[in-house]
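**Q** for reference, the sequence and a predicted model appear below.
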Number of protein chains: 2
Amino acid sequence: MEKEQGITEKKAGNFSEWYNQVVLKAELADYGPVRGFMIIRPNAYRIWESIQQYFNKAIEALGVSNAYFPLLIPESFFKREAEHAKGFAPELAWIEREGKDVDERVAIRPTSETIIYDSYAKWIRSWRDLPLKLNQWCNVLRWEVKQTKLFLRTREFLWQEGHCVYETKEECDKEVKGILGEYQKLCHELLAIPTLAGKKTDAEKFAGALYTLTLEAMMPDGKALQMGTSHNLGQDFAKGFGISFIDKEEKKALPWQSSWGFSTRLIGALVMVHGDDKGLVLPPKVAHNKIAIVPIVFKGDKKKVLEKAKEIAKTLKQFNPIFDDRDNYSPGWKFNEWELKGIPLRLEIGPKDLKAKQVVLVRRDTGKKESVKFSALKKRIPALLEEIQKDLFTSAKKFLDSSTVGAKTWSEFEKAVKEGKMVLVPFCCGESCEEEIKDETTATSRCIPLDQKKFEGKCIKCGSKAKNMVYFAKAY
Amino acid sequence: MEKEQGITEKKAGNFSEWYNQVVLKAELADYGPVRGFMIIRPNAYRIWESIQQYFNKAIEALGVSNAYFPLLIPESFFKREAEHAKGFAPELAWIEREGKDVDERVAIRPTSETIIYDSYAKWIRSWRDLPLKLNQWCNVLRWEVKQTKLFLRTREFLWQEGHCVYETKEECDKEVKGILGEYQKLCHELLAIPTLAGKKTDAEKFAGALYTLTLEAMMPDGKALQMGTSHNLGQDFAKGFGISFIDKEEKKALPWQSSWGFSTRLIGALVMVHGDDKGLVLPPKVAHNKIAIVPIVFKGDKKKVLEKAKEIAKTLKQFNPIFDDRDNYSPGWKFNEWELKGIPLRLEIGPKDLKAKQVVLVRRDTGKKESVKFSALKKRIPALLEEIQKDLFTSAKKFLDSSTVGAKTWSEFEKAVKEGKMVLVPFCCGESCEEEIKDETTATSRCIPLDQKKFEGKCIKCGSKAKNMVYFAKAY
């Protein structure tokens, strides 16, 4: 294998360098010409399409429709919800007004609450117009100053943002939680990434939200990654944008709103959680090409082997096999390439296999080989893909479980954070206390678990009465 | 029907006002808060998704992969291909640089040739890297000064842009034409819109292209609409961006490039071509909901009718039926609503139908009713949908054919243009002559038909030797 082709850093070594190499060499992404921008290459865009397909089905079942709102937002819109304005102001990219017929400054959307709710105010009249549930898949731009990390922190990224309006708080609460459930299903079932579900503290919630629910995953370097958030926006945006409706009693009422989103950073999580020293490892359900077929040919038997391999490729069409009959590369080189690119299964067939009426299947995740008779192939492959999917989740779950710990004292807490753990501790939920923890340990509160029982305890930091058990960790 | 609900202008009356009403009242789109920007509502976004699905399949078969390149393009990129720079400069939206760490000005993409080819220069090394075929679905922005027309002319629009690189001119020529063929299939088979295929004159070709192929459709108001274009870019972009490859003889060579695109303006064409005085008419293949089921209930039989209607809805799930059992609207009101929104078929079922074990099917396009026995429904519906699809195309084709005329003299030409015809005439293809025609008649050259035979003739305008037979028409 040429040095240039393979990953030269170990996952257990310089993790960040390993990650960049996998992303670049598996041709998932590249750096754009403007600092902070990235190019999403086909190998990653296909993953995004898998995610889109999966999630579109889920939200269609909930009655959510896709739509598209404009890229540019007038300055005055940002000011209609004070907290929201404050949260996004520093990261906005404004358009030069010279020669443009605009009455006020306009910025590229960092998120679309404001421009969408301006339309909602026009469209919503009566309780019969509710619930209103729209989603859009689009690009957003946040001019961050922190250093770029491909997929995890870029100034422009792709995402979905859902925006719903309800008659009552109860409906809104229910679906804010329901959406988080859909996100968790997507992470667990499709991406094979286990997550912790919880509520953000006030310090970490979305700018303008009543409360924010979040999914947190644990990366192998001991940093948490936020996978998706679902916000109950309360009624403040409705007030700011003049959204009201005539209710069933024919009275004017304020609706309740939610918004929720996940982004292409999920692809970064996928790389980190499942990848290994050979490169990307794709869970079968998210992989477009589930098999790479590599015929092992020698001069004498070349034709026969190729013919059979081609025939097999045809019968396995449902798995979108890559058929690699390039004659300028050795089988070993090809093995390395498809391993680097994370194809879940490799199918090898050579002259000996031909005689034995079998192929060799090699798992990308474990490297385990097995010989499978031609006749058993169509049954064995789906079963094997399912095993891989399950095993990837199990192994990631084991890591998450072992990373999740408690702490009885402040020094235990500090030690656990330093070791890259997700630490569950009693916390007063005070903003200044949270700030101190961040300053001293670089850990931030990740979430308040949704399913916590009543408890008595003292805040790990200040010792006053704790309000909740809260997860803390270093985070991306 | 409430006046507010229905279309109050005739298609044969003020066409432009009729069009706006259909787009707004069928809830396809709305105006955005910034002048020149539009909101694509779910009813139209679903059409766009149908188009995406159809076209993604077509290009996947050609080996084209989807990707995503950054929104913002550095100023210097635009200057690397002179004609291209000149063509787009007036319409660019620049980002304010104050507080931004950028070395030069950056603009929102009006199209992505430049930023994509900057990456291609890095990625392409050898003939083994070719052909390289990528496509992206994205938003683009062109700050036009002409007045906005929903879907047809907006400053931001959604589109696909394909960008391919080949070893030879022959391959490039072949696929530039092949893509036009795919566009034509999409227009004819999915949208039921007939088109004329041809080559743009030099005056009308894409800024920076060697030549441009185009599809032109005829709108009912006698204006042509460009449905999609496919450009052979020659080797100028390769020169400007430093794209080269080592060929099979191990020599450094310049590749040939193509780009091709269509946009959400196709949705505008769909509205214009098939719509009528009652509103939108959707070809069945592009309609997400192919049937609207309206139970006709009276007090006594309500339960039975609703039950049967629901049962039918279940068996017709593959057609995504709308089941309209709202009890606050009359059947007549519902009929109007689903007609306005263009649902291809209405299924009515009342107490009498229940007894006769039948339903009434009503075609949106012709209004023709037929009774169909429950037992025949699953067979009759697909056949009927196919008939509708075919009839819509046939009727649009008839219009196109009757709109396409010749002209022997300049005054015949002027008269035909004034009457809203697509006029095929001998033309010298001189740019100044083309300019004069435009000034005097407002008609522009639409295309040089691809399949034209050799001919002798004199230019319709200047009388010098004609180079080609060329279509002229007023256009959107």
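**A** Structure's in. What do you need? Numbering: from 1, shown residues only, chains lettered A, B, ... in the order given.

**Q** lowest-confidence helix or strand of chain A?
**A** Across the helices and strands of chain A, mean confidence by mean pLDDT, DSSP states H and E is lowest for helix A:82-88: a mean of 86.

**Q** just checking, what packs against it?
**A** helix A:75-78 (3 or more C-beta pairs under 8 Å, 6 or more residues apart in numbering or on different chains; DSSP states H and E). (Each C-beta comes from the backbone N, C-alpha and C, glycine too.)

**Q** quick check: mean pLDDT across the helix it packs on?
**A** The average pLDDT within helix A:75-78 is 95.

**Q** neighbours around A:Lys458, how many?
**A** Applying other C-beta atoms under 10 Å in any protein chain shown, we find 14 residues neighbouring A:Lys458.

**Q** how far does the very next helix or strand once past the least confident helix or strand of chain A sit from the chain's center?
**A** Once helix A:82-88 ends, the next helix or strand along the chain (criterion: DSSP states H and E) is strand A:106-108. Relative to its chain's centre, strand A:106-108 lies at 26 Å (C-alpha atoms, centre = their mean, to the nearest Å).

**Q** got the CA positions of the least confident helix or strand of chain A in CSV?
**A** Extracted in CSV, the C-alpha atoms of helix A:82-88 (Å, rounded to 0.1, in the frame of the first residue of the first chain):
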residue,chain,number,x,y,z
ALA,A,82,-34.1,39.6,22.3
GLU,A,83,-32.3,36.5,23.5
HIS,A,84,-32.2,35.0,20.0
ALA,A,85,-30.7,38.3,18.6
LYS,A,86,-28.0,38.3,21.3
GLY,A,87,-27.1,34.7,20.7
PHE,A,88,-26.5,35.0,16.9
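
**Q** bridged to A:Val360, which residues?
**A** A:Glu348, A:Ser371 (DSSP bridges).

**Q** so who does it touch?
**A** Neighbouring residues of A:Val360 by C-beta atoms under 8 Å, 6 or more residues apart in numbering or on different chains: A:347-349, A:353, A:369-372.

**Q** with A:Ser126 instead?
**A** A:245-246.

**Q** quick one, phi psi at it?
**A** Torsion angles at A:Ser126 (phi, psi; degrees, to the nearest 10) stand at phi -130, psi 170.

**Q** how near is it to B:Phe323?
**A** Separation of A:Ser126 from B:Phe323 (C-beta to C-beta, to the nearest Å) stands at 21 Å.

**Q** same deal with A:Lys465?
**A** 54 Å.

**Q** between the two, tell me which one has more neighbours.
**A** Set A:Lys465 next to B:Phe323 and count neighbours by other C-beta under 10 Å: B:Phe323 wins out with 19 against 11.

**Q** so what's that one bridging to?
**A** Per DSSP bridges, the residues bridged to B:Phe323 are B:Ile293.

**Q** what's near enough to touch it?
**A** Contacts of B:Phe323 by C-beta under 8 Å, 6+ apart are B:293, B:309-310, B:313.

**Q** closest residue of the stretch 301-450 of chain A to chain B?
**A** A:Asn328 (7.6 Å; C-beta to the nearest C-beta).

**Q** which residue packs closest to that residue, ignoring adjacent ones?
**A** The shortest distance from A:Asn328 to any non-neighbouring residue, by C-beta to C-beta, 6 or more residues apart in numbering or on different chains, is to B:Arg128 (7.6 Å).

**Q** quickly note the distance from the one you found to B:Phe245.
**A** Going from B:Arg128 to B:Phe245 by C-beta to C-beta gives 9 Å.

**Q** neighbour count: these two, which is higher?
**A** B:Phe245 (20 against 11).

**Q** identify the residues contacting that one.
**A** B:124-127, B:129-130, B:167, B:252-253, B:255.

**Q** using a markdown table, lay out the residues you listed together with pLDDT.
**A** Putting these into a markdown table (pLDDT from 0 to 100) gives the following:
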| residue | pLDDT |
| --- | --- |
| B:Ile124 | 98 |
| B:Arg125 | 97 |
| B:Ser126 | 96 |
| B:Trp127 | 97 |
| B:Asp129 | 97 |
| B:Leu130 | 98 |
| B:Glu167 | 98 |
| B:Lys252 | 98 |
| B:Ala253 | 98 |
| B:Pro255 | 98 |
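
**Q** ok, of the residues you listed, which come out buried?
**A** B:124, B:127, B:130, B:167, B:253, B:255 (16 or more other C-beta atoms under 10 Å in any protein chain shown).

**Q** what's the closest of those to chain A?
**A** Using C-beta to the nearest C-beta, B:Trp127 is the member of the buried ones among the contacts of B:Phe245 that sits closest to chain A, with 11.3 Å.

**Q** so who does that closest one touch?
**A** Going by C-beta under 8 Å, 6+ apart, B:Trp127 touches B:167, B:245-248, B:253.

**Q** now the two most distant members of those residues.
**A** Comparing every pair within the contacts of B:Trp127 by C-beta to C-beta identifies B:Glu167 and B:Ile246 as the most remote, at 10.9 Å.

**Q** anything in contact with each of those two?
**A** By C-beta under 8 Å, 6+ apart, B:Glu167 and B:Ile246 have these common neighbours: B:127, B:253.

**Q** now the helices for the stretch 1-150 of chain A?
**A** Using DSSP state H, counting those that start in this stretch, the helices assigned to the stretch 1-150 of chain A run over residues A:15-25, A:42-61, A:75-78, A:82-88, A:113-123.

**Q** same question for the stretch 251-400 of chain A.
**A** Remark: helices assigned in the stretch 251-400 of chain A by DSSP H, counting those that start in this stretch are A:265-274, A:302-315, A:331-340, A:351-356, A:377-403.

**Q** what's the fourth one packed up against?
**A** On a contact count with 3+ C-beta pairs under 8 Å, 6+ apart, helix A:351-356 meets helix A:302-315.

**Q** repeat for the third one
**A** On a contact count with 3+ C-beta pairs under 8 Å, 6+ apart, helix A:331-340 meets strand A:291-295, strand A:345-349.

**Q** most packed of these?
**A** Scoring these by mean neighbour count under mean count of other C-beta atoms under 10 Å in any protein chain shown gives strand A:291-295 as the most buried, with a mean of 25.

**Q** put together TSV for the contacts of B:Phe245, with distance to A:Lys57 on each row.
**A** Formatted as TSV, the contacts of B:Phe245 follow (distance: C-beta to C-beta, whole Å):
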residue	distance to A:Lys57
B:Ile124	37
B:Arg125	40
B:Ser126	41
B:Trp127	41
B:Asp129	36
B:Leu130	37
B:Glu167	41
B:Lys252	49
B:Ala253	46
B:Pro255	40
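
**Q** among these, which ones are in strands?
**A** In this view, those that belong to strands under DSSP state E are B:252-253.

**Q** what does the stretch 251-400 of chain A have sitting close to chain B?
**A** Within the stretch 251-400 of chain A, the residues that sit near chain B (C-beta under 8 Å from any C-beta of the partner chain) are A:Asn328.

**Q** any idea of the pLDDT on A:Met1?
**A** Value listed for A:Met1 in the pLDDT field: 40.

**Q** close to chain B, is stretch A:98-116?
**A** Yes - residues of stretch A:98-116 are located near chain B by C-beta under 8 Å from any C-beta, namely A:100-102, A:106, A:108, A:115.

**Q** need the winner for burial among the helices of the stretch 1-150 of chain A.
**A** Comparing the helices of the stretch 1-150 of chain A by mean neighbour count (mean count of other C-beta under 10 Å), helix A:113-123 comes out on top with a mean of 21.

**Q** tell me the domain ranges of chain A?
**A** Domains of chain A are assigned by automatic domain parsing as A:15-274, A:291-384, A:403-473.
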